[in-house]
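# Quick one: sequence and predicted model below, then my questions.
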Amino acid sequence: MKKHSVLILGGDGFCGWPTALRFSSLGAAVTVLDNGARRSIDAALGTQSLVPIRNLHDRVEEWADVSGRRILHRHVDLAEDYPALAELLRSTHFDTVLHFAEQRSAPYSMLSTGGARYSVDNNIRATHNLLAALVETGSDAHLIHMGSIGVYGYATTDLLLPEGYLKIRAQGADQREIEKEILYPGQPESIYHMTKMLDQHLFAFYAHHYGMRITDLHQGVVWGTQTTETRRAPGLTNRFDHDPVFGTVVNRFMLQAIEGKPLSVYGSGKQTRAFIHIEDMLTCLTLAAETAPARREKVRILNQFSEICSIANLAALVSRVTGAPISHVDNPRQEPAENELDVDRTTYRTLGVKPRRFTDLLGAELADLPGLLGRSDPPCAPDLERSA
Ligand code: USQ
């Protein structure tokens, strides 16, 4: 990554911040843009990260003190401030642009029509402004986008969900059967996931018409909190979302277990999801950046996860390790009550990524949590489950 110039959009968030630190520690020149939306949504919802996090300026200063490496940062809203984005791309050459700058909570997009409209307005405009600005400024950066496995949808299909593209057979004009490859016709269960599906079509258009090099990562639910770099000083700590809107299931279960509360399994817990630990996400992102597709190649779509598990089995595992009781609560989400899930991860396997499983990592993560709690304000998790 030395001499590599990387722009990280949404670099103050749960995935973006540790990514900025990882690329910086690998020697890349890192610039972060963020509009602070995660922090302001927390304030509006009356919640906050379990461990208070420093503002972006202070975080970056702390990283400079600890590592001797400087991360440049700017407050820019991609959806609203196209000129600022275009100006940055015009004035600075980037080899890689990592795009995390989207509203990322499915429940937030289900809370109200306001949440749904914000998710579409923000995510689609941010992605399209980015693509347009890359073209307008003549940038040849490799764009890596954080997508989602939920783009495929959670209906049981009996298919091994492919890496983005589905081979189909159809009747040709001359009656002969022809084979084609199409973008997988996903059926997202939330407006949030729908925005990631719409992103895919924008990417396909820009790769086809402008030869842009694009990688779209269909990632599972990320769990864990700290990474090698965020552990280096308290001021670098990553955010830990624990509320029912932004807190994701594994981290919520771990915290509930540590606090002696029952694990909140929604419905039967037969919903099945793909998961990846945050350190493994960083390994995958680094590999994705090192292996850009060629110009004029179709968008490269990679499924990024380590393990597939039902929520009930996940709860049983956390309960076995911690002794926490399990409670089945009414599911506040609109999602199938149960599903099966098989997902292809050939590319990362070929690139040598060894999936690490809950059984490998859960003990260490649970051991870390009391230390984090020691640094927290009393956790404030409003009971959004009822209103969600
Ligand atoms: N769930 C519970 N109890 C809880 C919280 C969640 O049973 O206390 C269940 C949900 O009903 C759902 C599953 O756990 O079936 C996963 O929920 P989640 O909140 O952990 O994750 P999700 O809403 O799917 O979204 C998260 C990220 C999103 C990312 C997605 C990857 O917030 O940004 O795109 O994971 S994926 O799910 O593979 O599409």
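Received it, and whenever you're ready, just let me know what you need. Please read these numbers as outputs of a predicted model, since none were measured by experiment.

# List, one by one, the residues from the stretch 101-250 of the chain near the ligand.
Contact residues, the stretch 101-250 of the chain versus the ligand (CB under 6 Å from any ligand atom): 104, 105, 106, 148, 149, 150, 219, 220, 221, 248, 249. In short, each C-beta sits where N, CA and C put it, glycine included.

# Show me the strands in the stretch 251-388 of the chain, by range?
In the stretch 251-388 of the chain, the strands defined using DSSP state E, counting those that start in this stretch lie at 263-266, 272-277, 300-304, 307-310, 326-329.

# Reduced to three states, what does the closest residue to the ligand within the chain come out as?
For the chain and the ligand, the shortest gap (CB to the nearest ligand atom) falls at residue 150, measuring 2.7 Å. Here residue 150 is recorded as helix under DSSP: H, G, I helix; E, B strand; the rest coil.

# got a pLDDT number for the closest residue to it other than its chain neighbours?
Nearest non-adjacent residue to residue 150, counting by CB to CB, 6 or more residues apart in numbering: residue 193, 3.9 Å away. Reading off the confidence values, residue 193 has pLDDT 98.

# Share the number of residues neighbouring residue 193, please.
Residues near residue 193, counting by other CB atoms under 10 Å, number 24.

# same thing with the one 10 residues further on?
The criterion is other CB under 10 Å. On that basis, residue 203 has 25 neighbouring residues.

# just to revisit the earlier point, any chance of a markdown table for the residues of the stretch 101-250 of the chain next to the ligand, columns distance to residue 307, neighbour count and secondary structure?
As requested, those are arranged in a markdown table below (distance: CB to CB, whole Å; neighbours: other CB atoms under 10 Å; DSSP: H, G, I helix; E, B strand; the rest coil):
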| residue | distance to residue 307 | neighbour count | secondary structure |
| --- | --- | --- | --- |
| 104 | 20 | 24 | coil |
| 105 | 22 | 22 | coil |
| 106 | 20 | 22 | helix |
| 148 | 16 | 26 | coil |
| 149 | 12 | 26 | helix |
| 150 | 16 | 25 | helix |
| 219 | 13 | 23 | strand |
| 220 | 8 | 23 | coil |
| 221 | 10 | 18 | strand |
| 248 | 14 | 19 | coil |
| 249 | 13 | 22 | helix |
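
# tell me, what residue is most central in this structure?
When the chain is reduced to its mean C-alpha position, the closest residue under CA atoms, centre = their mean turns out to be residue 146, at 5.4 Å.
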